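J.: how would this look folded up:
(2 chains)
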Amino acid sequence: MITYVFDGSFEGLLTAIFDSYELKSIHVSVICEKRHQPGLIGDDHIVTTDEIKARRVWQGLKKKLPPDWQQRFYNTYLSELPESFQHLFDFAHYIFDNPKGAETNFGNASVMAVSQTDKSVNRERHRMKAFIRFQKTSDGIFYAPIEPDYNVLPLIATFFKNRYADQMWIIYDLKRKYGLFYNLEKVEEIKIDFVSETESSTSFLPAKAVDENEELYGLLWNDYFRSTNIPARRNMKLHLQHVPRRYWRYLTEKQHN
Amino acid sequence: MSSRIREKLSILADAAKYDVSCSSSGGSRKNTNKGLGDSSASGICHTYTEDGRCVSLLKILLTNHCIFDCAFCVSRKSNDVQRAAFTVEEVVDLTMNFYRRNYIEGLFLSSGIFKNPDFTMERLVRIVKKLRLEQRFYGYIHLKTIPGASQELLTEAGLYADRMSINLEMPTEAGLKLLAPDKSHEEVKKPLGFIQENIVRFKDEKKLIKSTPKFVPAGQSTQMVIGATPETDMEIMYSADAYYKKFELKRVYYSGYIPISYDERMPIIGSQPPLLRENRLYQTDWLMRFYGFDVKELLNFQNPHLDVDIDPKLGWALRNMDQFPIDINTADYKMILRVPGIGVGSANKIVQARKFCKLRSDQLQKIGIAWNRAKHFIRCADSIFELNNPEAFSIKSRILSESNSKYLKIPQNQLTLF
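T.: Predicted coordinates for the structure are as follows:
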């Protein structure tokens, strides 16, 4: 049993896969350095992230996996779940060690694990497409703060770029402290230096920072949300299943109650 | 100004909410000239109301003034409700500003009939045209077909809308005649057929001439009200099946009647909407569209009503025990789809995975099938040999004892009036 410690990056994980073939390690457990606690028993191998090795592994995977599975592999990485690194490591070995097409063996534990994690990440990605609420600022930029369960910003950039092609927007991940800015030409990654903690923790901008009509449209949306409900069919269990409470603080329709 | 628009929105959203269709899928308009919007083929539900229904589109009436007096409709002429009407500009402005903030996927626009059908339809067309041409809006638009509107107007509407729909209202002609003597299914069939012919014609032309515009790319749908009139489940689903086949509808919606009238022909105000029945009808609809079932297998003269305590797929399986158990590792995909507790996703995974090795029960559970239900109908690599196959009745009681239906807490008053 040997423990591979890597830096948490995608390249780092791919390098770990490369090393395991070079060092002919068997029974590897993969862990991110942030969570690693050096133990008394067992060996540690510190993975040094190497872009060339990483690219070789990725090219290899691309040769063996169809595009939708390449995407599943990357999505699983974006889940940031500690156990997902192990699943990806095992999955990569399973794919390399078997003939093409092995990814359809849903009876294999690592195939199923990647398939399920991808599903969760995809669901979160879809939720962000649905639950992001822009506020128009006084300088005309549409701003939306979010705190997704998984790191899905890279997965929604193109969607929002195509959809809001004629308006400048910022989507900011407060949990991971980075965001996307679309300047009518392309999407860029940005970091905002919030003056204080309180400023970054409010999900809605203060009145002086928003467009003069912002409040009215927020109110109209609230009116609509209430009017379109049918009280005789009230079903809060189903409501909460679709709109879990943790998303409420960013939803305009959940503010003016 | 702002208080008047708020009042109008409340009235006209309230009047539109009994139309249950809210899908925003099926149309894919590409935003090519830096306009606003890009409808994704899968559709997006932006939020859910407290009744658990999805909110995808801004669903409003242009006006709730109406010259008709249909007993089941909240906007009927004789009903004492507040009336309002949007201007064309107001609808455009609301749609654009809601869309820009990512509140909605697009617009669902319907209307009461004021003056005459053509006058009403012309207004609706003017709104969608303005959105598409002046505002360069590429979001989703669902437009109501107004019965009796001219073919010219319908053809024009179809060029800008993604989906069009027209409601059957009651599942059978007799039911409709009872509550809305002025209306008939014939006047629904005519425009449905006309638009369907055009959809086919535009598609054929597109094969030859690439620049042919899209015509109602997300197809047509309809809705029937359930529980206001005394139809059986069989009558309802046979009617739905006929419309699916004849007009290639994308969806039929079943709307449990919510009492809104003291009219003695219908359930009284305050009685529970038939939510469980509605759910069973949707389950049957899904079995017909995605699971390869013929409606006659699920409902027939021996079984004109769907079971209340179990879903229609389980009901069918229990009536056809001679076809079970099936071997997961050898059975046809179509047969695997028919096993209670196995969905389309799991069935696909099973037929792919079994090429690698004979599947065991632990693998099947990981794949995600509802094991407690499915186990009675399948055999897999580690199944123990059983001498005699269990009877339908004992399987049913075992399944029911292990599960707790979310509906049992809701009082049942299915059609007690009739």
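J.: Mind splitting chain B into its structural domains?
T.: Following automatic domain parsing, chain B resolves into domains at B:2-273, B:274-418.
J.: weakest of the ones you listed by average pLDDT?
T.: Per-stretch mean pLDDT for these is lowest at domain B:274-418 (a mean of 89).
J.: ok so, going back, could you export the domains of chain B as TSV, including distance to A:Ala16 and mean neighbour count?
T.: C-beta coordinates here come from the backbone N, C-alpha and C atoms, glycine included. Formatted as TSV, these follow (distance: least, Cβ to Cβ, whole Å; neighbours: other Cβ atoms under 10 Å in any protein chain shown):
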stretch	distance to A:Ala16	mean neighbour count
domain B:2-273	35	19
domain B:274-418	26	16
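J.: For chain B, which segments count as strands?
T.: Here chain B has its strands, by DSSP state E, at B:47-48, B:54-55, B:57-61, B:106-110, B:140-144, B:163-165, B:220-226, B:251-256, B:326-327, B:378-379.
J.: Make JSON lines out of these and add distance to chain A.
T.: JSON lines is the format used below for the strands of chain B (distance: least, Cβ to the nearest Cβ, whole Å):
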{"stretch": "strand B:47-48", "distance to chain A": "4"}
{"stretch": "strand B:54-55", "distance to chain A": "6"}
{"stretch": "strand B:57-61", "distance to chain A": "6"}
{"stretch": "strand B:106-110", "distance to chain A": "10"}
{"stretch": "strand B:140-144", "distance to chain A": "12"}
{"stretch": "strand B:163-165", "distance to chain A": "17"}
{"stretch": "strand B:220-226", "distance to chain A": "13"}
{"stretch": "strand B:251-256", "distance to chain A": "8"}
{"stretch": "strand B:326-327", "distance to chain A": "16"}
{"stretch": "strand B:378-379", "distance to chain A": "15"}
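J.: So which of these is nearest B:Leu276?
T.: strand B:251-256 (8.9 Å; Cβ to Cβ).
J.: so how far is that closest one from its chain's centroid?
T.: Mean C-alpha position of strand B:251-256 versus that of the full chain (Cα atoms, centre = their mean, to the nearest Å) differs by 5 Å.
J.: repeat for stretch B:70-81
T.: 24 Å.
J.: can I get the CA coordinates of that stretch in PDB?
T.: What follows is stretch B:70-81, C-alpha atoms only, in PDB (Å, rounded to 0.1, in the frame of the first residue of the first chain):
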ATOM      1  CA  CYS B  70     -67.100  28.200 -20.200                       C
ATOM      2  CA  ALA B  71     -68.100  26.800 -16.800                       C
ATOM      3  CA  PHE B  72     -64.600  25.400 -16.000                       C
ATOM      4  CA  CYS B  73     -62.700  28.600 -16.800                       C
ATOM      5  CA  VAL B  74     -61.800  31.200 -14.200                       C
ATOM      6  CA  SER B  75     -62.000  34.000 -16.800                       C
ATOM      7  CA  ARG B  76     -65.500  33.100 -18.000                       C
ATOM      8  CA  LYS B  77     -67.700  36.100 -18.900                       C
ATOM      9  CA  SER B  78     -70.100  35.600 -16.000                       C
ATOM     10  CA  ASN B  79     -67.400  35.300 -13.300                       C
ATOM     11  CA  ASP B  80     -67.000  38.200 -11.000                       C
ATOM     12  CA  VAL B  81     -63.200  38.800 -11.100                       C
END
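J.: coming back round to it: redo the domains of chain B as JSON lines? Include distance to A:Lys62.
T.: Formatted as JSON lines, these follow (distance: least, Cβ to Cβ, whole Å):
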{"stretch": "domain B:2-273", "distance to A:Lys62": "26"}
{"stretch": "domain B:274-418", "distance to A:Lys62": "21"}
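J.: A:Cys32: which of those domains is closest?
T.: domain B:274-418 (25.4 Å).
J.: Next, report how far that closest one is displaced from the centre of its chain.
T.: Counting by Cα atoms, centre = their mean, domain B:274-418 comes out at 22 Å from the chain centroid.
J.: Then stretch A:152-164?
T.: 12 Å.
J.: Need the contact partners of that stretch.
T.: A:75, A:78, A:121, A:124-125, A:128-129, A:132, A:142, A:169, A:171, A:173, A:176, A:178-180, A:182, A:186-187, B:30-31, B:36-38, B:40, B:100 (Cβ atoms under 8 Å, 6 or more residues apart in numbering or on different chains).
J.: For ChimeraX, what selects the buried ones among the residues you listed?
T.: Those of the contacts of stretch A:152-164 that count as buried under 16 or more other Cβ atoms under 10 Å in any protein chain shown are selected in ChimeraX with:
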select /A:75,78,121,124,125,128,129,132,142,169,171,173,179,180,182,187 /B:31,36,37,38,40,100
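J.: Helix or strand next in line after the helix or strand containing A:Asp90, which one?
T.: Using DSSP states H and E, the secondary-structure element containing A:Asp90 is helix A:82-96. Downstream of helix A:82-96, the first helix or strand assigned by DSSP H and E is helix A:109-131.
J.: mean confidence score for that following helix?
T.: Here the average pLDDT along helix A:109-131 is 96.
J.: and it with helix A:82-96, angle?
T.: With axes from the mean of the first three to the mean of the last three Cα atoms, to 10 degrees applied, the angle from helix A:109-131 to helix A:82-96 works out at 120 degrees.
J.: so what secondary structure elements neighbour helix A:109-131?
T.: Judged by 3 or more Cβ pairs under 8 Å, 6 or more residues apart in numbering or on different chains; DSSP states H and E, helix A:109-131 is in contact with helix A:67-78, helix A:82-96, helix A:153-163, helix B:361-367.
J.: and it, which residues are buried?
T.: Buried residues in helix A:109-131 (16+ other Cβ under 10 Å): A:110-115, A:117-118, A:120-122, A:124-131.
J.: so after that helix, what's the next helix or strand?
T.: Heading C-terminal from helix A:109-131 (DSSP H and E), you reach strand A:135-136.
J.: ok, back up a step: let me have the helices and strands packed on helix A:109-131 in a markdown table, adding distance to A:Arg249 as columns.
T.: Below are these laid out as a markdown table (distance: least, Cβ to Cβ, whole Å):
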| stretch | distance to A:Arg249 |
| --- | --- |
| helix A:67-78 | 23 |
| helix A:82-96 | 26 |
| helix A:153-163 | 18 |
| helix B:361-367 | 35 |
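J.: Which stretch among those approaches A:Asn105 most closely?
T.: helix A:82-96 (8.3 Å).
J.: Which residues are in contact with the closest residue to A:Tyr94 other than its chain neighbours?
T.: Using Cβ to Cβ, 6 or more residues apart in numbering or on different chains and skipping residues adjacent in sequence, the residue nearest A:Tyr94 is A:Ser110, 5.5 Å away. Contacts for A:Ser110 (Cβ under 8 Å, 6+ apart) come out as A:His87, A:Asp90, A:Phe91, A:Tyr94.
J.: repeat for A:Glu214
T.: A:Gln135, A:Lys136.
J.: Right, I'll leave it there.
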